[in-house]
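Q: got a sequence here, can you model it:
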Amino acid sequence: MPIILVAALVPLLVEVRVARAEEPASGSRVRVTAPSFSGKRLVGVLVGLDETTLTLQRQEGTGSLQVPRAAITKIEASRHRSRKARGAGIGLLVGLGTAAVVGLAAGENCGAVPEDEYLRRFFCFDRGDMALLSGILIVPAATLLGVVASPGEKWEVSTTDRLRLAVAPARGGGVRAALAIRF
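A: Residues are numbered from 1 along each chain as shown. Model prediction:
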């Protein structure tokens, strides 16, 4: 009997929300998709969010922008910024170091080459020349590798109240369930 009573009372007291992502906090970096408002994604800092509008401080600092909630199809919150610039810097430093080591290791002592061996003298590169040539090849490749290997900005979907499930008692007995999907 107590189980039946609990089963009958729970629908009266509970409204279950399904697939509700956490609402982004004010001051967080967000990316908003609102095709009917703007043809491109809007990225900036969330200033305010109420039932009718989302206020966004744009990246360019050109003032705030108010987007109607009805026009928004997706809100994404940034979980971490892009690390591509840091990766490029690390790749650049690794490339410079590698080029210096290759130049020192592969460079020759060109002073010992006789004058009459023109072809050998032409292809003789001392340590400085070898470091410069290897730097021209290695530094851009290492920088590009650093950019590719570094993670970009991580976005997490944070759309609010897209899907709602409500369970309540029905007239005449039984349980009524309602599913609401907001577009």
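
Q: hey, let's count contacts and neighbours off CA atoms from now on
A: OK.

Q: got the buried residues for stretch 54-74?
A: Residues of stretch 54-74 classed as buried under the neighbour-count rule (16 or more other C-alpha atoms under 10 Å) are 54, 55, 56, 57, 58, 65, 67, 68, 69, 71, 72, 74.

Q: redo those residues as TSV? Include secondary structure and pLDDT.
A: Listed next are the buried residues of stretch 54-74 as TSV, based on DSSP: H, G, I helix; E, B strand; the rest coil; pLDDT from 0 to 100:
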residue	secondary structure	pLDDT
54	strand	87
55	strand	87
56	strand	88
57	strand	86
58	strand	83
65	strand	85
67	strand	87
68	strand	87
69	helix	84
71	helix	84
72	coil	84
74	strand	85
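
Q: what is the nearest of those to residue 96?
A: Of all the buried residues of stretch 54-74, the one sitting nearest residue 96 is residue 58; the distance, using C-alpha to C-alpha, is 37.3 Å.

Q: which residues does the closest one bridge with?
A: When bridges are called by DSSP bridges, residue 58 pairs up with residue 44.

Q: now do the helices in the chain.
A: Listed in chain order, the helices found in the chain under DSSP state H are 2-13, 84-106, 118-122, 127-149.

Q: for residue 177, find the nearest of these.
A: Checking these against residue 177 by C-alpha to C-alpha gives helix 2-13 as the closest, at 9.2 Å.

Q: as a quick check, tell me the outermost residue of the protein.
A: Summary for the chain: using C-alpha atoms, centre = their mean, the residue whose C-alpha lies farthest from the chain's mean C-alpha position is residue 116, with a distance of 61.2 Å.

Q: show me what contacts residue 94?
A: Residues counted as contacts of residue 94 (C-alpha atoms under 8 Å, 6 or more residues apart in numbering) are 139, 142.

Q: mind redoing it with 7 Å?
A: residue 142 (C-alpha atoms under 7 Å, 6 or more residues apart in numbering).

Q: neighbours around residue 36, how many?
A: 12 (other C-alpha atoms under 10 Å).

Q: what's it sitting at in phi/psi?
A: Dihedral pair for residue 36: phi -80, psi -20, per degrees, to the nearest 10.

Q: how near is the residue nearest to it when sequence neighbours are not counted to residue 47?
A: Sequence neighbours aside, residue 71 is the residue nearest to residue 36 in space, at 5.9 Å (criterion: C-alpha to C-alpha, 6 or more residues apart in numbering). Residue 71 is 18 Å from residue 47, where distance means C-alpha to C-alpha, to the nearest Å.

Q: what does residue 154 give?
A: Following C-alpha to C-alpha, the distance that separates residue 154 from residue 47 is 20 Å.

Q: the more surrounded of these two?
A: The residue with more neighbours, out of residue 154 and residue 47 and counting by other C-alpha under 10 Å, is residue 47; that gives 18 against 12.

Q: so that one sits against residue 63, correct?
A: No: using C-alpha atoms under 7 Å as the test, residue 47 is too far from residue 63 to be in contact (11.0 Å).
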